[in-house]
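In: Give me the fold of what follows.
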Amino acid sequence: TLAPGNVKGKTPSEAIEAWVKKYWNGYDSRISKRESNPPGTIPDPMINTIIGNRLTHLTDNDLENIKYAHRISMSAENILGLLLEEFLALELEKFGWHCAWGETIKSVDFCHEDGRLLQVKNRSNSENSSSSRVREGTVITKWFRVNANNGSYKWDELNKIYNTAVFSEQSFRRFVIQVIQANPGALAVEDSNPW
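Out: So this is what the prediction gives:
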């Protein structure tokens, strides 16, 4: 089943109301409009010990900078998929696709007006087991932005399907820059970050 398990209601009307609310909450909290939370964990000092004893020329300050560079990179990776989803929501709409904001369709990111389903991933190696499991017996087209093994981009696949040139790494990059400049809080930066 594609119905999300966390949409409950005693009556069909209540279930529909809960589903619509979930959709709008997802839409209203899309990455261009929300502020991300900084990491909730503290870094393990043993990481600095490991790196410092392998790369012995690094100073304690270098190791601290590496630690915070890693943490902000992880924060950026955490929002990359959300940025991709929002970019595609804007671009695919003119081709009859609508974003399933708020996980309103289980393991599906977009639904076409004719009923087709699409799951998008940033990289070819980023599928989780639940999304793989749900596709068995269900026709969900899968598309990913970049091949994790060779770095090639897959925008041309979307362009061929829709006979367009709107999908490209350059247009996605422009969108990302626009979102981060308009909403810097989309990328969480810890107060203790030296940059």
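In: so where is this protein shaky, pLDDT-wise?
Out: Within the chain, the ranges that satisfy pLDDT under 70 run 1-9, 127-137.
In: go with 80
Out: For the chain, the stretches flagged by pLDDT under 80 are 1-10, 126-138.
In: in it, which spans are helices?
Out: Using DSSP state H, the helices found in the chain span residues 12-28, 45-54, 60-92, 129-135, 155-162, 169-182.
In: Convert the fifth one to PDB, retaining C-alpha atoms only.
Out: Written as PDB, here are the backbone C-alpha positions of helix 155-162 (Å, rounded to 0.1, in the frame of the first residue of the first chain):
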ATOM      1  CA  TRP A 155      19.500  15.500 -16.000                       C
ATOM      2  CA  ASP A 156      19.500  14.500 -19.700                       C
ATOM      3  CA  GLU A 157      17.100  11.600 -18.900                       C
ATOM      4  CA  LEU A 158      14.500  14.100 -17.700                       C
ATOM      5  CA  ASN A 159      15.100  16.400 -20.600                       C
ATOM      6  CA  LYS A 160      14.600  13.500 -23.100                       C
ATOM      7  CA  ILE A 161      11.300  12.400 -21.500                       C
ATOM      8  CA  TYR A 162       9.900  15.900 -21.600                       C
END
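In: Hey, what's the angle from it to helix 60-92? Just curious.
Out: 10 degrees (axes from the mean of the first three to the mean of the last three C-alpha atoms, to 10 degrees).
In: For helix 155-162, which helices and strands make contact with it?
Out: strand 141-146 (3 or more C-beta pairs under 8 Å, 6 or more residues apart in numbering; DSSP states H and E). Every C-beta, even on glycine, is put in place using the N, C-alpha and C of the backbone.
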